[in-house]
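Peer 1: Kindly return the folded structure for what I paste below:
(one chain, ligands or ions: 1)
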Amino acid sequence: MDKIVINGGRPLYGTIEVGGMKNSSLPILFATILVKGECVIENLPPIDDVSSALSMLQSMGAEVRMLDRTTAAVDTRNIRCGSAPYEEARHMRASYYIAGAELGRFGRAVVPLPGGCDFGQRPIDQHIKGFEALGASVSLDGGYIRAEAPGGLMGDSVFMDVVSVGATINIILAAALAEGVTTIDGAAKEPHVVDLANFLNACGADITGAGTDVIRIKGVASLSGASYTVLPDMIEAGTYMIAAAATRGSVTISNVIPKHLDSVTAKLREMGAEVEENDTSVVVSAAGASFKGVRVKTQPYPGFPTDMNPQMCVMMCLAEGDSQLREGVWDNRFRYVKELVRMGAQIDVEPKMAYVKGVGRLTGASVKAVDLRAGAAMVIAGLAAEGTTEITDIYHIERGYENMVEKLKALGADIEKTEAPESFRSAAV
Ligand code: UD1
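Peer 2: Now for the predicted structure:
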């Protein structure tokens with residue numbers, strides 16, 4: 001099994017560049033299904049989820065060319081409805097965006113139910129409610145989402161019962177080519193939603209209000225190919241901000257939008273790290289710092305992101321005082337806690353709350369990456385800990401972080417990826 005091995009206790013120093021945002025690259029790639037032409041998408045992060053999305057589009061009939069490591073040309077003129085491959089879709093939550101995009105382009109959709117990280121129940125009732133409001137009939141059977149609007153989709157008002165990034169994006173996708181105007185009240189305000197809307201507008205869509213809680217989509221007759229650059233990944237940036245603080249180093253995190261990082265910046269400052277904001281970079285310094293305990297609640301944007309919950313928990317373990325971490329988005333985001341406990345953490349968990357005793361230091365141990373962001377948190381814990389940490393199940397990390405090991409090595413970390421022998425790999429497949 002592939003592993004990451006870290007000899008911890010070295011402060012990180014230097015500059016690290018952040019790639020494009022995973023959580024908007026995937027919906028943008030699936031949004032190309034709506035376009036009858038070629039789109040050139042730049043600043044795609046070279047991560048496993050992006051490769052899977054491109055490969056899914058190819059299996060559906062798209063022509064995909066990589067123009068360089070981070071730029072793909074996607075031509076969806078000959079895409080076939082209902083041909084999303086089950087094997088890849090079931091590993092990726094974002095594959096459900098194919099439903100909104102197919103419904104928008106073909107008036108029907110057949111998509112395998114999605115997979116992704118296990119945070120407990122991940123319902124899709126709000127997506128369905130949105131599709132139905134636009135005139136589609138929707139059913140879930142045999143592991144597939146099936147939607148049909150034989151008379152075409154008609155814009156309407158959709159009132160969301162919960163703030164959902166996924167449902168907001170799926171409804172935008174379905175509405176972009178519908179007749180008339182769709183309004184989404186209670187929309188998610190995440191930068192990923194803004195990125196997707198900006199991409200569609202570059203292709204000729206008429207979407208206003210993205211980034212606020214009311215989004216208005218005036219359907220247009222068709223979308224044409226465009227070039228678009230994906231926004232920087234705020235979660236990758238936040239992860240390295242916490243790695244810099246946790247190791248008591250000093251790191252410039254470049255190619256970021258500091259505004260997107262406000263909630264993380266505020267908490268790091270409250271704990272005792274220094275954060276300097278520049279136009280397109282932030283510098284996090286914590287040499288010799290002793291960290292204070294804090295209270296954090298994860299919430300929809302602009303609140304503290306749920307995708308920074310595990311990384312923040314590591315910081316809380318390294319504090320002198322006690323902290324509280326309340327999960328406000330998912331039912332079961334604390335599966336990683338038992339791994340941190342192996343490293344000396346003292347954490348009491350209730351379903352949506354962690355009481356973290358600041359123990360000041362962690363010690364190396366063998367731990368598992370239980371999901372993508374939890375895996376990143378294990379890396380941070382290993383970098384800050386005394387001794388050696390071995391992390392298994394690192395495929396979760398590779399789904400969402402580009403070259404994490406190499407990027408951290410360049411900052412002075414003693415970190416290696418050890419690959420399983422070829423014979424073991426073929427036996428494991
Ligand atoms: C969420 C996060 C996103 C993060 C991703 C992966 C929010 C608002 N969204 O996005 O930032 O990148 O997880 O960690 O923080 N829900 C329903 N019915 C639905 C859809 C969602 O009840 O049809 C609920 C979910 O159970 C959850 C909440 O709404 O409690 C947010 O879900 P949603 O935003 O859709 O999840 P993601 O798009 O995966």
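Peer 1: Once you drop chain neighbours, what's closest to I124?
Peer 2: Closest residue to I124 apart from its sequence neighbours, by Cβ to Cβ, 6 or more residues apart in numbering: Y96 at 6.5 Å. C-beta here means a position set from N, CA and C on the backbone, and glycine is covered the same way.
Peer 1: In a helix, that neighbour, correct?
Peer 2: Yes - counting by DSSP: H, G, I helix; E, B strand; the rest coil, Y96 is located in a helix.
Peer 1: Show me this structure divided up by domain.
Peer 2: 2-19+232-428, 22-229 (automatic domain parsing).
Peer 1: before we move on, back to that, thinking the residue nearest to I124 is in contact with L103, fair?
Peer 2: No - at 11.4 Å, Y96 does not count as touching L103 under the criterion of Cβ atoms under 8 Å.
Peer 1: more neighbours, these two?
Peer 2: L103 (31 against 27; other Cβ atoms under 10 Å).
Peer 1: now that one: how far from the ligand?
Peer 2: Look at L103 and the ligand: by Cβ to the nearest ligand atom, to the nearest Å, they are 15 Å apart.
Peer 1: Of all the residues in stretch 267-279, which ones are buried?
Peer 2: Using 16 or more other Cβ atoms under 10 Å as the test for burial, stretch 267-279 gives 267-268, 271, 273, 275.
Peer 1: out of those, which one sits closest to the ligand?
Peer 2: K267 (16.0 Å; Cβ to the nearest ligand atom).
Peer 1: for that closest one, helix, strand, or coil?
Peer 2: Applying three-state DSSP: K267 is helix.
Peer 1: Up against the ligand, what does the stretch 251-400 of the chain have?
Peer 2: With Cβ under 6 Å from any ligand atom as the criterion, the stretch 251-400 of the chain comes near the ligand at residues 300, 305-307, 329-330.
Peer 1: Smallest gap between the stretch 251-400 of the chain and the ligand, at which residue?
Peer 2: The nearest approach of the stretch 251-400 of the chain to the ligand comes at P300, 3.7 Å away (Cβ to the nearest ligand atom).
Peer 1: did I read that right, that residue in a strand?
Peer 2: No - with three-state DSSP as the criterion, P300 is located in coil rather than a strand.
Peer 1: ok, now which ones touch it?
Peer 2: By Cβ atoms under 8 Å, 6 or more residues apart in numbering, the contact set of P300 is 163, 165, 188-190, 329.
Peer 1: Got the phi and psi for it?
Peer 2: For P300, the backbone dihedrals (degrees, to the nearest 10) come out as phi -60, psi 160.
Peer 1: Please apply the same query to L173.
Peer 2: Phi and psi for L173, reported as degrees, to the nearest 10, are phi -60, psi -50.
Peer 1: With adjacent residues omitted, what lies nearest to it?
Peer 2: G100 (3.2 Å).
Peer 1: quick one: the residue nearest to I124 from M56, how far?
Peer 2: 12 Å (Cβ to Cβ, to the nearest Å).
Peer 1: Tell me where the model's unsure across this structure.
Peer 2: By pLDDT under 70, the weakly predicted segments of the chain are 115-120, 421-429.
Peer 1: Which residue comes closest to the spatially most distant residue from the centre of it once chain neighbours are left out?
Peer 2: Most distant from the centre of the chain: G151, at 35.0 Å, with distances by Cα atoms, centre = their mean. In space, and not counting its chain neighbours, G151 is closest to G135: 6.6 Å by Cβ to Cβ, 6+ apart.
Peer 1: check which helix or strand covers the closest residue to the ligand within the stretch 1-150 of the chain.
Peer 2: Proximity of the stretch 1-150 of the chain to the ligand (Cβ to the nearest ligand atom) peaks at Q126, 3.2 Å away. Counting by DSSP states H and E, the element that carries Q126 is helix 125-133.
Peer 1: Now do L113: how many residues are near it, please.
Peer 2: 17.
Peer 1: If you could redo that for L223, that was the one I meant.
Peer 2: The burial count for L223: 24, using other Cβ under 10 Å.
Peer 1: Figure out the helix or strand that it lives in.
Peer 2: Judged by DSSP H and E, L223 forms part of no helix or strand.
Peer 1: for it, what are its contacts?
Peer 2: By Cβ under 8 Å, 6+ apart, the residues touching L223 are 34-37, 176-177, 200, 203-205.
Peer 1: same question, L113
Peer 2: L113 neighbours (Cβ under 8 Å, 6+ apart): 89-90, 96, 140, 143-145.
Peer 1: Distance to the ligand and secondary structure for those residues - can I get that in CSV?
Peer 2: Formatted as CSV, these follow (distance: Cβ to the nearest ligand atom, whole Å; DSSP: H, G, I helix; E, B strand; the rest coil):
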residue, distance to the ligand, secondary structure
A89, 15, helix
R90, 15, coil
Y96, 9, helix
L140, 12, strand
G143, 17, coil
Y144, 17, strand
I145, 12, strand
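Peer 1: Of those, keep whichever come out buried.
Peer 2: Those of the contacts of L113 that meet the buried threshold are 89, 96, 144-145, by 16+ other Cβ under 10 Å.
Peer 1: Determine which two of these are furthest apart.
Peer 2: Y96 and Y144 (11.1 Å; Cβ to Cβ).
Peer 1: Mutual contacts of those two, please.
Peer 2: Residues touching both Y96 and Y144 (Cβ under 8 Å, 6+ apart): 111, 113.
Peer 1: from the chain's centre, how far out does the helix or strand hosting the residue nearest to L173 sit?
Peer 2: Element membership for G100, per DSSP H and E: helix 97-106. Distance of helix 97-106 from its chain centroid, counting by Cα atoms, centre = their mean, to the nearest Å, is 21 Å.
Peer 1: Now do that helix against helix 125-133, angle only.
Peer 2: 10 degrees (axes from the mean of the first three to the mean of the last three Cα atoms, to 10 degrees).
Peer 1: Direction included, what does the next helix or strand after helix 97-106 pair up with?
Peer 2: Remark: after helix 97-106, the chain's next helix or strand is strand 108-112, criterion DSSP H and E. Within its sheet, strand 108-112 is paired with strand 144-148 (antiparallel), according to DSSP bridges.
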